[in-house]
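Novice: Turn this into a model:
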Amino acid sequence: MAAADNTSAALRRRDLCSRGIRLAGKMRSDVIDLLDTYVERQGLDASASVASVEGVPAAAVERWDEQTGTQRLLENLAAYRAFRALLAQMLEEQQEQLGEADAALGRALAAVLLQVSAFTYHLEELLRLESRGPPSEEGAEPPPAAHLSLFERKLRGLGVLRELAQWAVRSTRDLRQLAKPSPGSSSAASLAESP
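Specialist: A predicted model of the protein is given here:
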């Protein structure tokens, strides 16, 4: 009975990881498209250098291969919660700045925000499956925008979108790593499959 439960949990995890990989790939594609539109509509240079943005977690990590599956999920969840708040802030600023003058950019931002929210929920489901509920959302709010000029807000938005694209790549790697069968679970799965 325990072997069947382990097999069921392993299959569910693999299924959630596969769906998460597809979600992350779609999100990355949409973010890249949004980046092109954002740069064009905001009048920015695509090669503009943007310093790290406060509140935006960096996708790059040292010793990535030493992280546990739970550590990977927790870091992803923290990042996407931050992105959800930052994108909502960007959308609000966009609507204030341009109103309905650039509805296409607003729709694209809203679509990516929806994808980030869905991916956040997906990560929470994976954490529940790992017998660990997601942590509370304390501190998930972006830092208050300290009276940034319009140009500084545009650059911050560019930095947020660039880092989100990097996170989509990292999330795919993390989920592929998590989908790999753990050494102990492969024998349980093969036992369950035998007649």
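
Novice: So, low pLDDT: which residues of this structure?
Specialist: Applying pLDDT under 70 to the chain flags the ranges 1-6, 98-101, 132-133, 138-146, 182-195.

Novice: And the residue nearest the centre of it, its phi and psi?
Specialist: Taking C-alpha atoms, centre = their mean, the centroid of the chain lies closest to Y80, which sits 4.2 Å from it. Note on Y80: its backbone torsions stand at phi -70, psi -30 [degrees, to the nearest 10].

Novice: so which strand or helix has the residue nearest to it when sequence neighbours are not counted?
Specialist: If the residues on either side of it in the chain are set aside, Y80 comes closest to T120, at 4.4 Å by C-beta to C-beta, 6 or more residues apart in numbering. Yep, even glycine has a C-beta here, placed from its N, CA and C like the rest. Using DSSP states H and E, T120 sits within helix 103-129.

Novice: Next: S47.
Specialist: Assigned by DSSP H and E, S47 belongs to no helix or strand.

Novice: Then E75?
Specialist: With DSSP H and E as the test, E75 turns up in helix 69-98.

Novice: So for that helix, what gets flagged as buried?
Specialist: Residues of helix 69-98 classed as buried: 69, 72-91, 93-95 (neighbour count, 16 or more other C-beta atoms under 10 Å).

Novice: One more: stretch 164-179?
Specialist: For stretch 164-179, a neighbour-count test (16+ other C-beta under 10 Å) marks L164, A165, Q166, W167, A168, R170, S171, T172, D174, L175, L178, A179 as buried.

Novice: Likewise for stretch 25-39?
Specialist: M27, R28, D30, V31, L34, L35, Y38, V39.

Novice: Could I get the contacting residues of the residue lying closest to the third one once chain neighbours are set aside?
Specialist: Which is D30. What sits nearest to D30 in space, not counting adjacent residues and going by C-beta to C-beta, 6+ apart, is V112, at 5.6 Å. By C-beta atoms under 8 Å, 6 or more residues apart in numbering, V112 lies in contact with M27, D30, V31, L34, L87, L164.

Novice: just L148 next, same as before
Specialist: Going by C-beta under 8 Å, 6+ apart, L148 touches R156.

Novice: Renumber starting at 48 from here on
Specialist: From this message on, residue numbering opens at 48, which makes the last subject L195.
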